[in-house]
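Colleague: Need a 3D model of the sequence below.
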Amino acid sequence: WLTPHWGTEYTAQYTRGEFSGETETFDEYTGSVRLIRNFTKFVDGYLQYTHTVFDRHGEGEDYQVYDPSVGVDWQFARDGSLSFSVGYYIKDNEDSDNDSDLSISGDISKGFDISQRTSFRVTGGSGYEQSYFGAENLGFTVYYQARGRLTHAFTKRVDGDFSVGFRRNEYRDEDPEREDDIWDFQAGLHWQ
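Modeller: Residues are numbered from 1 along each chain as shown. Below is the predicted model of the structure:
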């Protein structure tokens, strides 16, 4: 924090992908800088710039992503928070036409106490990422996701939970563009 109300945040990330077979090795460099303004004890606003350089070692196309955005972080309850940003990214491809779109990223989380021993939490979010380490290397991906989780304490030391999640992936590097809708269901029993 530079002053009581102004702060900065910096991140840097490096990923190297090395694969057997015909998939090319790549290097990915991502960095971001954020200027934060603290408005109240519970609300921060920010301006952010994120830059990504994707460098393939071979025939594939290199690109850079320019992503300026503005956002807010809000702690609206003891067990509830919202983070939301909007910007505009430009994916500058080395050879093919550039790709650009509105970039909306957000996460919301809120817990609800149904009874003394049962609670429900809902979370959701959106953003973009690189999908290179799955069963298929699908490239630049925009995603939207939501999850609901019900938790119940059976005893002082045993609790269980059940959750349902949905995620939509839009693979922008695939031709034709590909979309996947993924549902997952999880249940767990925990003993402490």
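Colleague: Please count neighbours and contacts with C-alpha atoms only from this point.
Modeller: Fine.
Colleague: Which residue ranges of this protein form strands?
Modeller: 6-17, 25-38, 43-57, 63-77, 80-93, 99-113, 118-131, 139-153, 158-171, 178-191 (DSSP state E).
Colleague: I'd like those as a markdown table, with mean neighbour count and mean pLDDT appended.
Modeller: Below are those laid out as a markdown table (neighbours: other C-alpha atoms under 10 Å; pLDDT from 0 to 100):
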| stretch | mean neighbour count | mean pLDDT |
| --- | --- | --- |
| strand 6-17 | 12 | 95 |
| strand 25-38 | 17 | 95 |
| strand 43-57 | 18 | 94 |
| strand 63-77 | 17 | 93 |
| strand 80-93 | 18 | 89 |
| strand 99-113 | 16 | 82 |
| strand 118-131 | 17 | 83 |
| strand 139-153 | 18 | 89 |
| strand 158-171 | 17 | 94 |
| strand 178-191 | 12 | 95 |
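Colleague: mind listing what the residue lying closest to H51 once chain neighbours are set aside touches?
Modeller: In space, H51 comes closest to Y66 once its chain neighbours are excluded; the distance is 5.1 Å by C-alpha to C-alpha, 6 or more residues apart in numbering. Residues near Y66 by C-alpha atoms under 8 Å, 6 or more residues apart in numbering: 49-52, 89-92.
Colleague: and the gap between Y66 and Q130?
Modeller: Using C-alpha to C-alpha, to the nearest Å, Y66 is found at 14 Å from Q130.
Colleague: Centre of the chain to stretch 18-34, how far?
Modeller: Its chain's C-alpha centre and that of stretch 18-34 lie 18 Å apart, by C-alpha atoms, centre = their mean, to the nearest Å.
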